[in-house]
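> Starting from these lines, generate the structure:
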Amino acid sequence: MIVKIFRASASFKAVTYNFDKIAKGQATLMKVSGFGALRQLNEVRPEDYRNYLEAQSALNRNVRLPQFHAMISAPDDTFDKDKLAKLAGQWLDKMGYRDQPYILIHHRDTDQSHVHMVSSRVSRKGKKIDSAFEHRRAIAGLNQLLQKDEAHQAQLDAAKALQYQCATKAQVLLLLEEMGYGIREKDDQLLLHKFGRRLFAISGQRMDESIAYHRPDKQHAVQLKAIFRKYQAVYNAVPERTTVNLSGGRTSPGNAYRSDLGDFLKGKFGIDLIFHASGDKPPYGYTIIDHTQQRVFKGSEVLKLSELIGPAFGAVSAVKENVEGPRYRPPTPSQPIYFRPYLANDVDDQQINGPRRRRQKKARTNTR
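Numbering: from 1, shown residues only. Have a look, this model is predicted:
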């Protein structure tokens, strides 16, 4: 579940934006609350809502950006539009908008179901709605409604990461970063941050014990190499930058890289290929995470990146044409994946990232 507060605005363009979506059949008006005077109208137009919000906002001229526009998105189909709209209303209550005029609009123009909320940051008494630590309170409020214990979950995630066979601290950090945690090192502790606050600390001793427990597994590396060789002739192994779906059918380049081969291995065998890159340059290396065996490999321990990518160029197109035709796509994942990537692309290279880590007071990670 994701909550996002859009940048405040001087005008209420969000009303026009959302009602345009409704006119195009891409959205549904779920709830209108607090527009008391408009109930007397036989037909309420979008500009009526906008004018009402502007009039209330004019009660406090010191608030130069009165539009409040936010969105809550569900990651799957567990929340239908009615449940999502109800959750959005409860979230607005927590954020101080219970008595405010607001509209809720459910959108279905992207892969993820989401609800937009539009209101004014000025109350009926002319006071500004509290916006202190707004983004932090937004996430905390949503987690409370979903009954998520953030600190307890961080403890469970840390314990899970430390169970993996990792040869270096960097590999443990990689697992934690995949789960969305920011990591800082202080006083021989790794501090796990998420939702704008510190949730858990891993002691240096516990980290050292986890790494000391690591035992190389050359036999498993050979098995992985055989799997890669077998399927790299069928699935394109060349990494490409991910894309993020935006509203209105638009897309934007993501920060991570993926490949057809990586998608297949993830779905079929529970094996993640995490590519590392610097800026806009192509990936210079990769890490292998075998979730079924709870083991992390530096990519070159199994197959160098150049060897992983190289054989794919000549064989991929021909094999795809013969097997499935030009529209071939990897099969739908059939096994659960325990972690989802939320990675910085280049946590791997101290030469490139050392100065950045020192500026941000992050942990130094030399090798995997």
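
> This structure: strands as residue ranges?
2-5, 27-33, 67-73, 102-107, 114-120, 182-186, 189-194, 197-203, 240-245, 251-258, 271-276, 285-290, 295-298 (DSSP state E).

> Would you format these as TSV with mean pLDDT and mean neighbour count included?
Yep, even glycine has a C-beta here, placed from its N, CA and C like the rest. Formatted as TSV, the strands of the chain follow (pLDDT from 0 to 100; neighbours: other Cβ atoms under 10 Å):
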stretch	mean pLDDT	mean neighbour count
strand 2-5	90	16
strand 27-33	93	17
strand 67-73	94	22
strand 102-107	95	23
strand 114-120	95	25
strand 182-186	91	16
strand 189-194	91	19
strand 197-203	90	17
strand 240-245	81	13
strand 251-258	82	14
strand 271-276	94	24
strand 285-290	96	23
strand 295-298	96	22
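
> In TSV: those strands, plus distance to Leu175.
Output for those, formatted as TSV (distance: least, Cβ to Cβ, whole Å):
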stretch	distance to Leu175
strand 2-5	22
strand 27-33	38
strand 67-73	25
strand 102-107	34
strand 114-120	29
strand 182-186	11
strand 189-194	12
strand 197-203	12
strand 240-245	19
strand 251-258	15
strand 271-276	10
strand 285-290	7
strand 295-298	7
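
> For Leu305, find the nearest of the ones you listed.
Counting by Cβ to Cβ, Leu305 lies closest to strand 285-290 out of these; the figure is 5.7 Å.

> what does the closest one rub up against?
164, 171, 174-175, 178, 220, 224, 239, 269-276, 295-302, 305, 308, 339, 348-349, 368 (Cβ atoms under 8 Å, 6 or more residues apart in numbering).

> In this structure Ser278 contacts Asn255, no?
No. Assessed by Cβ atoms under 8 Å, Ser278 is found out of contact with Asn255, at 11.8 Å.

> So for the closest residue to Gln26 other than its chain neighbours, what's the pLDDT?
Sequence neighbours aside, Asp109 is the residue nearest to Gln26 in space, at 4.2 Å (criterion: Cβ to Cβ, 6 or more residues apart in numbering). What the model reports as pLDDT for Asp109 is 75.

> Can you give me every residue that contacts the closest residue to Tyr164 other than its chain neighbours?
If the residues on either side of it in the chain are set aside, Tyr164 comes closest to Gln294, at 4.7 Å by Cβ to Cβ, 6+ apart. If you count contacts by Cβ under 8 Å, 6+ apart, Gln294 has them with 163-165.
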